[in-house]
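*Asks:* return atomic coordinates for the entry below.
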Amino acid sequence: ESLAEVAQATAADVDRAIAAARAAFPAWSGLPALERGKFLFRLARLIQERARELAVLESLDGGKPIRESRDVDVPLAAAHFFYYAGWADKLGEAFPGRDPRPLGVAAQVIPWNFPLLMAAWKLAPALATGNTCVLKPAETTPLTALLLAELVQDAGIPPGVVNILTGDGTTGAALMSHEGVDKVAFTGSTEVGKRIMQTAKTRHLTLELGGKAANIVFEDAPLDQAVEGVVNGIYFNQGHVCCAGSRLLVQESVAELFVRKLAHRIESLIVGDPLDKNTDIGAINSRAQLTKIQELCASGEEEGCVRHESGAALPERGHWFRPTFFPEVAQTHRIAREEIFGPVLAVMTFRTPEEAVEKANNTVYGLSAGVWTDKGSKIFKTLGKLRAGVVWANTFNKFDPSAPFGGMQESGFGREGGRHGLAPYLSLGGEA
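*Replies:* Numbering: from 1, shown residues only. Okay, here's the model as predicted:
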């Protein structure tokens, strides 16, 4: 069933978009910073005014539950534009003793799991700092980006400042490797991120890539609260989250009880129509992604893991996958090493805090992690040893525009959000 038809941008279209952004750059960067901030405030208010429309379109576009689109994605998108609107005339205070100046034209490619929110993450700091943008949404979820382009026009942002290109990976490759861009920002898979590093013509790169986050539950943790956090960490947005807590490390002394509570909890999760406000887990984004999830789960069973899934009823049409976990997974299993990007959890145990840290760090990724314990000293002692860009304590998947987000190792580099999110879009002259 078709929702819409969108254009496949060619290399010539990429050239025209970058030329438009280049032509708009002098006037936009020369605008008084306070005026730039007013444009972003206007855009944030328009997102709020059209929130219901954006939420419905986001769920139709990507399959996520309307409750998440309505309560998380759209409000956070507006919040990012509000936040960076406030920074627009305060760059001197953000980087004292420096001479912050915009880089020029920013090429930005966003993924299909949070289309509107990722567009806000990319556009808001770039525009606040005086850059112009060419943004390409994922080929399977372009609709909210196109509606956002309408809101950009309604906000009065001058032509050429924000350019939206729709298309597949060939369009993205042409944009990321174009000689006319001064900044490249990409969120997506590690494989594509590595290719961008090889082909980008600018040294100004921000890459937010894959993850295989460990959620560590100690025996002194409030277990019921931790179960809710683990469920939110892996089953939120069907597990289509780069920082999803897809590895659960639970202390041996409480492992059996915790797994029993987890099994009971996922039975109450409703899988179904994304537009039903009672739905907990919506549709898998595409047939290709569903096939990948199924293949990795099959590999777990082939390697001797026991598969536990809920008994949720599935709709007859569409791409669906029940919330699933594998207890007693070994670190060598594929489901413990590879990013599944679906509602699948690999459960492992540990005996000591040192073993927990060792197992958590046994990954090529380094995007996020979680720690659950009743002891504040244990939180700080543990998080200081974890190789992850973001670590949550007694919570998971909590985001705020003022908090920087990003990874290390094969999860990428650079930060988005907070004051740190301004720096990648600026040339910082003067003393450090």
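
*Asks:* per-residue confidence at Gly430?
*Replies:* At Gly430, the predicted lDDT confidence score is 61.

*Asks:* do Phe186 as well
*Replies:* For Phe186, the model assigns a pLDDT of 97.

*Asks:* quick check, it in a helix?
*Replies:* No - applying DSSP: H, G, I helix; E, B strand; the rest coil, one finds Phe186 to be strand, outside a helix.

*Asks:* how many other residues sit next to the spatially closest residue to it that is not a sequence neighbour?
*Replies:* Spatially, and ignoring its direct neighbours in sequence, Phe186 is nearest to Val109 (4.9 Å; CB to CB, 6 or more residues apart in numbering). Bear in mind the C-beta positions are built from the backbone N, C-alpha and C, glycine included. Neighbourhood size, Val109 [other CB atoms under 10 Å]: 25.

*Asks:* next one: Phe380
*Replies:* The burial count for Phe380: 11, using other CB under 10 Å.

*Asks:* kindly report the same for Asp224.
*Replies:* 11.

*Asks:* can you tell me which residues contact it?
*Replies:* Lys261 (CB atoms under 8 Å, 6 or more residues apart in numbering).

*Asks:* and for Ala330?
*Replies:* Counted by CB under 8 Å, 6+ apart, Ala330 has contacts Glu303, Ala336, Met348.

*Asks:* okay, and Ala107 sits in which element?
*Replies:* strand 105-109 (DSSP states H and E).

*Asks:* what average pLDDT does the helix or strand just after that strand get?
*Replies:* Downstream of strand 105-109, the first helix or strand assigned by DSSP H and E is helix 115-128. For helix 115-128, the mean pLDDT works out to 98.

*Asks:* tell me the helix or strand right after helix 115-128.
*Replies:* Following helix 115-128 in sequence, per DSSP H and E, is strand 132-136.

*Asks:* circling back to that earlier point, quick one: contacts of the strand holding Ala107?
*Replies:* 18, 21-22, 25, 122-123, 126, 131-136, 172, 175-176, 178, 180-188, 425.

*Asks:* before we move on, what about stretch 422-429?
*Replies:* 84, 87, 91, 94-95, 98-103, 106, 125-126, 128-129, 131, 183, 185, 204, 206, 414-416.

*Asks:* in that stretch, which residues are buried?
*Replies:* Leu422, Ala423, Pro424, Tyr425, Leu426, Ser427, Leu428 (16 or more other CB atoms under 10 Å).

*Asks:* adding distance to Lys261 and secondary structure, write the residues you listed out as JSON lines.
*Replies:* Formatted as JSON lines, the buried residues of stretch 422-429 follow (distance: CB to CB, whole Å; DSSP: H, G, I helix; E, B strand; the rest coil):
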{"residue": "Leu422", "distance to Lys261": "42", "secondary structure": "coil"}
{"residue": "Ala423", "distance to Lys261": "43", "secondary structure": "helix"}
{"residue": "Pro424", "distance to Lys261": "42", "secondary structure": "helix"}
{"residue": "Tyr425", "distance to Lys261": "45", "secondary structure": "helix"}
{"residue": "Leu426", "distance to Lys261": "47", "secondary structure": "strand"}
{"residue": "Ser427", "distance to Lys261": "52", "secondary structure": "strand"}
{"residue": "Leu428", "distance to Lys261": "49", "secondary structure": "strand"}
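
*Asks:* greatest separation within those residues: which pair is it?
*Replies:* Leu422 and Ser427 (11.8 Å; CB to CB).

*Asks:* out of the contacts of Ala330, which sit inside strands?
*Replies:* Met348 (DSSP state E).

*Asks:* nearest to Leu46 among the contacts of Ala330?
*Replies:* Closest to Leu46, out of all of those and judged by CB to CB, is Ala336, at 44.1 Å.

*Asks:* pretty sure that closest one contacts Leu345?
*Replies:* No - the pair Ala336 and Leu345 fails to qualify as a contact (CB atoms under 8 Å) at a distance of 10.4 Å.

*Asks:* what touches both of those two?
*Replies:* Arg247.

*Asks:* more neighbours: those two, which one.
*Replies:* Leu345 (28 against 23).

*Asks:* got phi/psi on the residue nearest to that one when sequence neighbours are not counted?
*Replies:* Of all residues not flanking Leu345 in the chain, Phe325 sits nearest, at 3.9 Å (CB to CB, 6+ apart). Backbone geometry at Phe325, expressed as degrees, to the nearest 10, gives phi -140, psi 160.

*Asks:* contacts only, for Phe325.
*Replies:* Phe325 neighbours (CB under 8 Å, 6+ apart): Ile234, Leu248, Val259, Leu262, Ala263, Ile266, His308, Glu309, Val344, Leu345, Ala346, Val347.

*Asks:* that older thread, could the buried residues of stretch 422-429 go into JSON lines alongside distance to Ile270?
*Replies:* Output for the buried residues of stretch 422-429, formatted as JSON lines (distance: CB to CB, whole Å):
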{"residue": "Leu422", "distance to Ile270": "40"}
{"residue": "Ala423", "distance to Ile270": "42"}
{"residue": "Pro424", "distance to Ile270": "40"}
{"residue": "Tyr425", "distance to Ile270": "41"}
{"residue": "Leu426", "distance to Ile270": "45"}
{"residue": "Ser427", "distance to Ile270": "50"}
{"residue": "Leu428", "distance to Ile270": "49"}
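
*Asks:* just those now: which is nearest Glu53?
*Replies:* For the buried residues of stretch 422-429, the nearest to Glu53 is Tyr425 (29.0 Å; CB to CB).

*Asks:* show the pLDDT at that closest one.
*Replies:* 98.

*Asks:* gap between it and Ile18?
*Replies:* Noted for Tyr425: a distance of 16 Å to Ile18, by CB to CB, to the nearest Å.
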